[in-house]
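[1] After the sequence you'll find the predicted model.
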Amino acid sequence: MKKMVVRMLATIGAVTLLSTLVGIFGVVFGGDRVAPGTLIEIDFSKSIGEYAPAGLSELAFPTPLVTRDVVDVLRRAADDERVAGVIGRVGGVAMGFAQIQEIRDALQALSRAGKRTVAHAETYGEFGSGTGAYYLASAFDSVYLQPSGDVSITGLIAETPFARDALGKLGVQPRLSGRREYKTAINSFTERGYTDAHREATGAVLKGQFEQIVRGIAEARDLEPATVQGLIDRAPLQAAAAHEARLVDGLRYRDEVYAEFETPDGEEAPRLPAKRYLARAGRPDGEGERVALIYGVGSIHRGQSGFGILSGEPTMGADTVTAAFRAAVDDEAVRAIVFRVDSPGGSYVASDTIWREVVRARRQGKPVVVSMGNVAGSGGYFVAMSADRIVAQPGTITGSIGVLAGKMITTDLWERLGVNWDEIHQGRNAAMWSATRDFSPAQWAQVEGFLDHIYADFTGKVGEGRSLSAAQVDQAARGRIWTGEAAKELGLVDALGGLTVALDAVRELLAMPADAPIDLEVFPRPRTLPELLLARLSGQDDSPGAALRDLRAGVLAIPGAAEVLGAFEASGPLAMPYPMAHRHP
């Protein structure tokens, strides 16, 4: 009892002290004012993710900007008379293709609102591809480059490793199967190069995204698409050549770019980092009809959402996402749900669990609009396919309607290592999933039967959810990936755009005026700092990934741990609808 009281008093004291310090910090270091003529700074050279759940770890490691933060900053600034413009540091961009497109849309909307946008970079590449970085920069009104820099818009490349021979040398035999010919993730283990179907699908996606880049740069820089294509084929371009080609507006150092925003008497314009501006000015969707925003980010699995051991990236847990849906449905103030999906797929069962809650929400009168991020393929499409509306960026990778399963047989590997395995089992199929023996013919027939069942279920629900015929589903399915642009033509997607377009769809579904305000609230509601502290200090912190974040931080401090965990994290169950790995230099 005494220990409990002491712990409680210590917790209350810690919460009080920290809250006081945070309050003092806010007062001393800036308050809540946005000065007239403010210049908002956004650093795109830092990683911008899709979702970053709040937690105690943010006390030591501040939460980075996410896509919604950047878009909300630009939308809020558009009608804020105190804001003079936005300046972006763009040289390196750690974002996916669809994220870049969503931010480009917001930048161009800000320019139409009369606010100046300026991009500056030390370089767009420097012995590396700067295609994505320059594609983003081209949406700014003015694009500046340091005189020593270059514009390395060399294009896009998709590279896929094929480890069949390496596995054979190790004594590992893949026993994998998929549905259907375009479900190509298994090819990395079973082939020596691209199959015809693999090459066709990958090439089509890359071609579509490349055309979007050429078209976007041409429109933004007032150039002909053929001219942009020629510049890409000549790249990398040194600074002077890039300036001459009208890809950049001037060759200037950072201080020279900022000098453009000085007041007439030579004073520097007041500046605010994006996150601080957002905290002071508030988000644009903070009043009106309440709409729940639910994130489904990362690989899909059963249980709670969490984080990858090494990557630290979010994962989509069915328990967490379905609880958020039920809470939104039960909240009488919530009129609709926006489901933001950025996932390459995962567990079939977990995907189906989430799918069910999407269907139940609609049946209980809560329209569901899906907003797709960089990837919403396979399981990521499964959880989205029965929404009222699906919105994707033109460059979103989606589809991959298929499934694969199997195991790696390691018998020869252990024999070469001199390791002998023995076993005692009960049940004819007890060793079915053991890596030390192959499937029997009967077991393999069962695996193939499961794949047929899952594929039939997946395609059947696509047809029902998207009101497509069996022939239309077959054309869009068979494991093939598509760009959002192509998916719209096939009927897999309803509209192209980001969260703002998804909110427009919500207004339409709710028969609201086109300019009606919306109160967009994240579900589940993030806990306040005192709540997080109380939960953690009392040993009751069950926030997604809290323990895993602590474990990861400790384990990564061990020499060599990163390499081992990297190999572990790259592996995983293959009984999942999962698209190919894809790179966008």
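    Alright, I've got the coordinates. All values reported here derive from a predicted model rather than from experimental measurement. Numbering: from 1, shown residues only.
[2] so the closest residue in space to F450 that isn't next to it in sequence bridges to which residues?
    Closest residue to F450 apart from its sequence neighbours, by Cβ to Cβ, 6 or more residues apart in numbering: A405 at 6.7 Å. C-beta coordinates here come from the backbone N, C-alpha and C atoms, glycine included. Per DSSP bridges, residues listed as beta-bridge partners of A405: S177.
[3] List the contacts of the closest residue to R283 other than its chain neighbours.
    Leaving aside its chain neighbours, R283 sits nearest to D72 (4.8 Å; criterion: Cβ to Cβ, 6+ apart). By Cβ atoms under 8 Å, 6 or more residues apart in numbering, the residues touching D72 are L278, R283, P284, D285.
[4] what would those residues look like in TSV with pLDDT?
    Shown next, in TSV, are the contacts of D72 (pLDDT from 0 to 100):
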residue	pLDDT
L278	94
R283	95
P284	95
D285	93
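[5] Helices - which of these land there?
    Residues from the contacts of D72 lying in helices, with DSSP state H as the criterion: L278.
[6] could the contacts of D72 be laid out in TSV, adding distance to A505 and neighbour count?
    TSV is the format used below for the contacts of D72 (distance: Cβ to Cβ, whole Å; neighbours: other Cβ atoms under 10 Å):
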residue	distance to A505	neighbour count
L278	24	21
R283	19	16
P284	17	22
D285	14	20
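[7] Now do the residue nearest to F450 against D474, distance only.
    21 Å (Cβ to Cβ, to the nearest Å).
[8] Compare those two and say which is more crowded by neighbours.
    A405 (21 against 14; other Cβ atoms under 10 Å).
[9] my hunch is that W433 is in a helix, does that hold up?
    No: applying DSSP: H, G, I helix; E, B strand; the rest coil, one finds W433 to be coil, outside a helix.
[10] mind checking pLDDT for it?
    As predicted, W433 sits at a pLDDT of 94.
[11] same deal with K3?
    48.
[12] go on, G203?
    96.
[13] now do G465
    97.
[14] ok, now which ones touch it?
    G465 touches M385, S386, A387, counting by Cβ under 8 Å, 6+ apart.
[15] Dump those residues to a markdown table, plus secondary structure and neighbour count.
    Conversion of the contacts of G465 to a markdown table gives the following (DSSP: H, G, I helix; E, B strand; the rest coil; neighbours: other Cβ atoms under 10 Å):
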| residue | secondary structure | neighbour count |
| --- | --- | --- |
| M385 | coil | 24 |
| S386 | coil | 20 |
| A387 | coil | 27 |
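[16] quick check, nearest of these to K46?
    A387 (31.9 Å; Cβ to Cβ).
[17] before we move on, back to that, is the residue nearest to R283 in a helix, a strand, or coil?
    D72 ends up helix, using three-state DSSP.
[18] mind giving me the domain split of this structure?
    Domain assignment for the chain by automatic domain parsing gives 1-31, 39-155+235-281, 289-419+435-570.
[19] what about those, which gets the closest to S177?
    If we rank the domains of the chain by Cβ to Cβ, the stretch that ends up nearest is domain 289-419+435-570, at 5.8 Å.
[20] And the closest one, how far out from the chain middle?
    11 Å (Cα atoms, centre = their mean, to the nearest Å).
[21] do the same with stretch 412-427
    Per Cα atoms, centre = their mean, the centroid offset for stretch 412-427 relative to its chain is 41 Å.
[22] And stretch 132-142, by the same measure?
    Relative to where its chain is centred, stretch 132-142 has its mean C-alpha point 20 Å off (Cα atoms, centre = their mean).
[23] you'd agree V118 is in a strand?
    Yes: per three-state DSSP, V118 lies within a strand segment.
[24] doesn't E448 make contact with the residue nearest to F450?
    No: using Cβ atoms under 8 Å, A405 makes no contact with E448, being 9.1 Å away.
[25] Now list whatever residues contact both of these two.
    In terms of Cβ under 8 Å, 6+ apart, A405 and E448 are both contacted by the residues S177.
[26] how long is stretch 379-398 end to end?
    Counting by Cα to Cα, to the nearest Å, you get 10 Å between the two ends of stretch 379-398.
[27] Which stretches in the stretch 101-250 of the chain count as helices?
    Listed in chain order, the helices of the stretch 101-250 of the chain (DSSP state H, counting those that start in this stretch) span residues 131-137, 164-170, 187-190, 196-221, 225-234, 239-244.
[28] Tell me which of the ones you listed sits most buried.
    Using mean count of other Cβ atoms under 10 Å, the stretch among these with the largest mean neighbour count is helix 131-137, at a mean of 27.
[29] Now that helix - C-alpha only, CSV.
    Output of helix 131-137 as CSV, limited to C-alpha atoms (Å, rounded to 0.1, in the frame of the first residue of the first chain):
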residue,chain,number,x,y,z
THR,A,131,13.8,13.1,-59.8
GLY,A,132,11.4,13.0,-56.9
ALA,A,133,12.9,16.0,-55.2
TYR,A,134,12.7,18.1,-58.4
TYR,A,135,9.2,16.9,-59.2
LEU,A,136,8.1,18.3,-55.8
ALA,A,137,10.1,21.5,-56.3
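[30] Can you point out the buried residues in the helix or strand where I337 lies?
    Assigned by DSSP states H and E, I337 belongs to strand 334-343. For strand 334-343, the neighbour count (16 or more other Cβ atoms under 10 Å) marks V334, R335, A336, I337, V338, F339, R340, V341, D342, S343 as buried.
[31] what helices or strands is it leaning on?
    Packing partners of strand 334-343 (3 or more Cβ pairs under 8 Å, 6 or more residues apart in numbering; DSSP states H and E): strand 289-297, helix 318-330, strand 368-377, helix 379-382, helix 499-509.
[32] Kindly recompute the last result at 6 Å.
    strand 289-297, strand 368-377 (3 or more Cβ pairs under 6 Å, 6 or more residues apart in numbering; DSSP states H and E).
[33] Indicate which one of those strands is closest to T131.
    Among these, the nearest to T131 by Cβ to Cβ is strand 368-377 (15.5 Å).
[34] what residues does that closest one touch?
    50, 96, 98-99, 337-342, 344-345, 358, 361-362, 384, 387-392, 396-400, 481, 499, 502, 505-506, 579 (Cβ atoms under 6 Å, 6 or more residues apart in numbering).
[35] Stretch 424-439 now?
    K407, M408, I409, T410, T411, W421, Q443.
[36] Now do it: distance from first to last residue.
    17 Å.
[37] Enumerate the positions of stretch 264-272 that are buried.
    Buried residues in stretch 264-272 (16+ other Cβ under 10 Å): A269, P270, L272.
[38] In strands, which of these fall?
    Judged by DSSP state E, these include L272 as members of strands.
[39] Turn the buried residues of stretch 264-272 into a markdown table, including pLDDT.
    Converted to a markdown table, the buried residues of stretch 264-272 look like this (pLDDT from 0 to 100):
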| residue | pLDDT |
| --- | --- |
| A269 | 87 |
| P270 | 92 |
| L272 | 95 |
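[40] of all the buried residues of stretch 264-272, which comes closest to G193?
    Of the buried residues of stretch 264-272, the one sitting nearest to G193 (Cβ to Cβ) turns out to be L272, at 51.1 Å.
[41] I'd say the closest one and G37 touch.
    No: between L272 and G37 there is no contact under Cβ atoms under 6 Å: 11.1 Å.
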